[in-house]
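Student: okay, here's the prediction I keep looking at, along with the sequence it came from:
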Amino acid sequence: MKKIFHKILSQLGSHKMLNRYFVWLVDIFLSVFATLISFLVINYIIGAEINSGVALSLVAMSVVATAIWTLVFKVHDGVIRHTTTIELLRVVYAVLGKVLTIGLLLICFKTVYESQKLDISLVVIDFLISVFLLILWRILIVSFYYYVITHDKRGEVLNTLIYGTDDNAIKVAGYLKGAYSNYNLQGFVSEKSKHNRYRIMDKNIYYAKDMSDIERLTKKFNIGCILFTNSHDLRDNIGLVNYGLKNQISMKILPVEEMSGEGVRSQLRTIQIEDLLGRDEIMIDMKKVGQDFVGQKVLVTGAAGSIGSEICRQLCKFDLEQLIVLDFSETAVYNIDLELRKKYPGKNIATVIADVRNRERMEVFMKRYHPNYIFHAAAYKHVPLMEAFPCEAVVDNVSGTKNMADLAVKYGVNKFVMISTDKAVRPSSVMGATKRVCEMYVQSLGNAIKEGKKEGKTSFITTRFGNVLGSNGSVIPLFRHQIERREPITVTHPDIIRYFMSIPEACRLVLEAAYMGEGNDVFIFDMGKPVKIDDMARRMIELSGLRPDVDIEIKYVGLRPGEKLYEELLYKKENTIPTDNKMIYRAASVKHDYEEVNRQIEKLIEIALTNDNEGAVKQIKEIVSDYKSLNSVYGKLDKSDTNRTTDKELDEKATKS
């Protein structure tokens with residue numbers, strides 16, 4: 001019988017909203033009932049005989065007045081189960097309008113109602129009873145709704161604690177109550193002892209001084225989920241995260257940045273490795289940066305890639321004259337074009353399918369659009385693949401960059417911003433070495449212009465950073481895929497270390513560089529602490545609710561061709577200069593003779609076009625003196641260099657870090 005009762009309640013509660021006209025009729029009925037009760041109470045108090053004609057006239061007045069004023073204040077338009085203080089005030093205003101209307105009619109027809117002693121007392125009693133009944137039935141509906149969803153939980157019900165007591169924690173608590181019925185909120189966790197005796201939304205705030213308090217709480221309430229509302233709290237409480245993972249407590253996050261003033265827009269999700277690897281955002285005044293782009297035409301090459309597409313998204317927030325989205329991948333270009341036009345309707349976006357390696361085609365588009373800025377993100381970036389295809393790396397990275405840089409000068413581009421990599425520093429791979437050649441070319445070209453040796457006005461700026469979280473070639477998607485398939489995770493070396501940053505953060509750096517750059521600058525920013533890939537793999541397994549080396553094996557497969565243990569961001573020769581942003585540094589570019597660099601690069605491209613891989617690598621080594629191949633067949637081409645740090649020393653440096 002109990003099951004049948006709950007089933008009926010569930011079916012009743014499954015309706016998302018009560019019909020607005022039904023709500024309106026119930027309001028009228030209750031309001032009229034309040035008027036009638038008030039009339040009867042007054043008659044009882046004064047001992048007068050009830051006049052049915054007077055009663056009917058009062059009912060008629062109440063029906064008409066209630067109908068009019070509830071419509072005026074749109075009392076029935078709100079969704080009752082989401083009733084707010086504002087909605088309740090509408091009820092009060094409508095009732096006040098009703099009783100004042102009735103009071104006015106009583107005064108106008110005083111002789112008719114004089115025998116019943118109807119005066120201001122009827123208005124006051126009617127107001128109080130009406131407000132009480134109309135608010136009470138709303139409270140009952142809300143209570144009924146939450147009773148239904150509480151007793152209609154499907155699947156596992158998790159007793160949940162929310163970390164924090166700020167406004168966002170309160171919003172999430174309200175969200176859990178409505179949208180996520182399988183989360184049974186037990187209370188809030190706070191590090192502030194003064195909150196210990198307070199309650200929020202009828203739930204206690206528990207003071208947790210250390211992990212022993214957390215352990216006590218989780219055992220007392222049989223906690224199955226701890227929920228964070230922002231990544232900052234998450235990273236500041238790694239001990240809590242570790243405790244949860246070891247005790248099979250689900251660790252969830254609903255990031256504060258994904259919440260709007262009206263509620264929560266994102267989906268509650270399990271904590272991911274990106275949440276733990278990240279750090280507090282580098283603060284950049286995007287409004288100030290955006291002023292540089294007002295009324296400008298901006299071309300982004302490689303615009304469909306991880307970095308290029310995010311640069312486009314950020315640029316669309318500025319008041320550009322035109323954004324030119326350029327890439328050679330048809331499907332990827334279609335997707336980013338569709339996204340930008342949907343997100344930013346009204347923006348002047350020109351979408352171009354073209355290859356930066358084709359100088360003639362690129363000149364056609366430079367003539368057509370005449371951009372003021374170029375963000376050059378087009379490049380091959382996969383280290384082992386480029387080690388296998390050096391000529392392709394040269395043609396795409398070096399020739400493509402040279403084409404765009406030369407055309408930028410020819411067509412009077414104001415600023416050319418090149419996206420480089422930490423792998424260009426003391427390169428050990430073909431990919432890193434080709435990016436270093438690109439750096440050398442744009443810097444030497446910029447210096448030649450600055451010194452009057454070459455005609456032009458373009459300022460060349462290089463941005464250099466490490467790995468980006470979530471990029472197409474990142475190790476994180478690979479590990480995630482392996483975990484999902486319960487395959488062994490393949491780590492190249494137990495001591496390999498990398499820097500990580502988020503894609504939006506990297507792109508804001510690029511835009512900041514474009515704003516600050518005066519020409520021939522290399523911008524680097526504080527990447528924080530390097531991450532040991534082995535530790536990251538183990539943490540990802542734990543975040544999936546599994547055990548490293550038990551449920552999923554970690555395999556060490558050896559460093560890949562061209563790969564080194566430790567990446568650097570600076571040459572010793574480059575002196576860092578502080579900028580207005582304490583997290584961003586300017587490195588003075590190393591000067592190279594443009595004519596010599598240009599001659600060597602022309603020779604390199606010529607060799608690459610003949611598909612002579614060994615010849616191309618040999619020529620790169622002539623250009624980049626400290627390019628030493630690691631774990632590569634091209635190591636045989638290296639000259640001995642006693643001044644260069646040995647591979648063993650690099651490994652030791654990585655291990656110590």
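Tutor: Arrived safely, thanks for sending.

Student: what about the nearest residue to residue 410 once chain neighbours are set aside, neighbour count?
Tutor: Spatial nearest neighbour of residue 410, excluding adjacent residues (C-beta to C-beta, 6 or more residues apart in numbering): residue 366 at 7.5 Å. Backbone N, C-alpha and C define where each C-beta goes, glycine included. A total of 22 residues lie near residue 366 under the criterion other C-beta atoms under 10 Å.

Student: residue 366 should be in a helix, yeah?
Tutor: Yes. If the criterion is DSSP: H, G, I helix; E, B strand; the rest coil, then residue 366 is within a helix.

Student: what pLDDT is listed against it?
Tutor: Looking at residue 366, its pLDDT is 97.

Student: could you pull out the helices for the stretch 1-150 of the chain?
Tutor: With DSSP state H, counting those that start in this stretch as the criterion, the stretch 1-150 of the chain has helices at 2-13, 20-46, 52-72, 85-108, 110-113, 120-150.

Student: the stretch 201-350 of the chain: helices as residue ranges?
Tutor: According to DSSP H, counting those that start in this stretch, the helices that the stretch 201-350 of the chain contains are 211-220, 231-236, 238-246, 273-277, 286-291, 306-315, 330-343.

Student: tell me the most buried of the ones you listed?
Tutor: helix 306-315 (a mean of 23; mean count of other C-beta atoms under 10 Å).

Student: I'd guess residue 187 is in a strand, am I close?
Tutor: Yes. Counting by three-state DSSP, residue 187 is located in a strand.

Student: who does it form a beta bridge with?
Tutor: residue 161 (DSSP bridges).

Student: would you agree it is in contact with residue 205?
Tutor: Yes. Look at residue 187 against residue 205 with C-beta atoms under 8 Å: they come within range, at 6.6 Å.

Student: would JSON lines of the helices of the stretch 201-350 of the chain with mean pLDDT and distance to residue 636 be doable?
Tutor: JSON lines is the format used below for the helices of the stretch 201-350 of the chain (pLDDT from 0 to 100; distance: least, C-beta to C-beta, whole Å):
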{"stretch": "helix 211-220", "mean pLDDT": "89", "distance to residue 636": "55"}
{"stretch": "helix 231-236", "mean pLDDT": "80", "distance to residue 636": "45"}
{"stretch": "helix 238-246", "mean pLDDT": "85", "distance to residue 636": "45"}
{"stretch": "helix 273-277", "mean pLDDT": "78", "distance to residue 636": "37"}
{"stretch": "helix 286-291", "mean pLDDT": "86", "distance to residue 636": "47"}
{"stretch": "helix 306-315", "mean pLDDT": "94", "distance to residue 636": "34"}
{"stretch": "helix 330-343", "mean pLDDT": "95", "distance to residue 636": "37"}
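
Student: so which of those helices gets nearest residue 530?
Tutor: For these, the distance to residue 530 is smallest for helix 273-277, at 10.7 Å, taking C-beta to C-beta.

Student: for the stretch 401-550 of the chain, what spans make up the strands?
Tutor: 415-419, 459-464, 467-469, 489-491, 497-498, 500-502, 521-525, 531-532 (DSSP state E, counting those that start in this stretch).

Student: send over the longest one as PDB, restricted to the C-alpha atoms.
Tutor: The reference is to strand 459-464. Listed in PDB are the C-alpha atoms of strand 459-464, where the atom choice follows Å, rounded to 0.1, in the frame of the first residue of the first chain:
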ATOM      1  CA  SER A 459      56.600  44.200 -34.900                       C
ATOM      2  CA  PHE A 460      57.400  40.500 -34.300                       C
ATOM      3  CA  ILE A 461      56.400  39.000 -30.900                       C
ATOM      4  CA  THR A 462      57.000  35.400 -29.700                       C
ATOM      5  CA  THR A 463      55.100  33.700 -26.900                       C
ATOM      6  CA  ARG A 464      56.600  30.600 -25.400                       C
END
